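In: I'd like to go over a predicted model; first the sequence, then the structure.
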Amino acid sequence: MNAITLRQLAGMVRELISTVAEPLWVTAEIARVTYHQSSGHCYLELVEKAGDSVVAQMRATIWARTYGPLQRRFHADTGRNFSPGMKILFQ
């Protein structure tokens, strides 16, 4: 059995995404949002559903230096905060 490390897998995914000529936009539904006041980071659990079944799931991190300005602008533009059930489009 050939095995690779998690770091190697992440590098392969990063390399594959970088070969896309145009910006890569992704749609997903937020299943869970966790904001850590002490660090300022925001952690998301993202899902894709087919009916009521989850067919894909990933975790995402919005680092503090990005989250603060992003959240303020998002709230100013929409009047909402990131929340479960919300469908998002991100790059």
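Out: Looks like it came in fine. Numbering: from 1, shown residues only.
In: Ignoring the adjacent residues along the chain, who's closest to Tyr43?
Out: Nearest non-adjacent residue to Tyr43, counting by CB to CB, 6 or more residues apart in numbering: Thr34, 4.4 Å away. C-beta: built from backbone N, CA, C; applies to glycine.
In: Check what pLDDT that neighbour gets.
Out: For Thr34, the model assigns a pLDDT of 97.
In: Help me confirm that it is found in a helix?
Out: No. Counting by DSSP: H, G, I helix; E, B strand; the rest coil, Thr34 is located in no helix; its state is strand.
In: name the element Glu48 belongs to?
Out: Applying DSSP states H and E as the criterion places Glu48 in strand 42-50.
In: now that strand: mean pLDDT?
Out: Mean pLDDT, strand 42-50: 96.
In: same deal with stretch 73-91?
Out: 95.
In: repeat for stretch 53-64
Out: Across stretch 53-64, the per-residue pLDDT values average to 96.
In: who's in contact with that stretch?
Out: Applying CB atoms under 8 Å, 6 or more residues apart in numbering, the contact partners of stretch 53-64 are 28, 31, 39-49, 70.
In: Now do the strand holding Glu48: distance to the chain's middle.
Out: Relative to the chain's own centre, strand 42-50 is displaced by 7 Å; criterion: CA atoms, centre = their mean, to the nearest Å.
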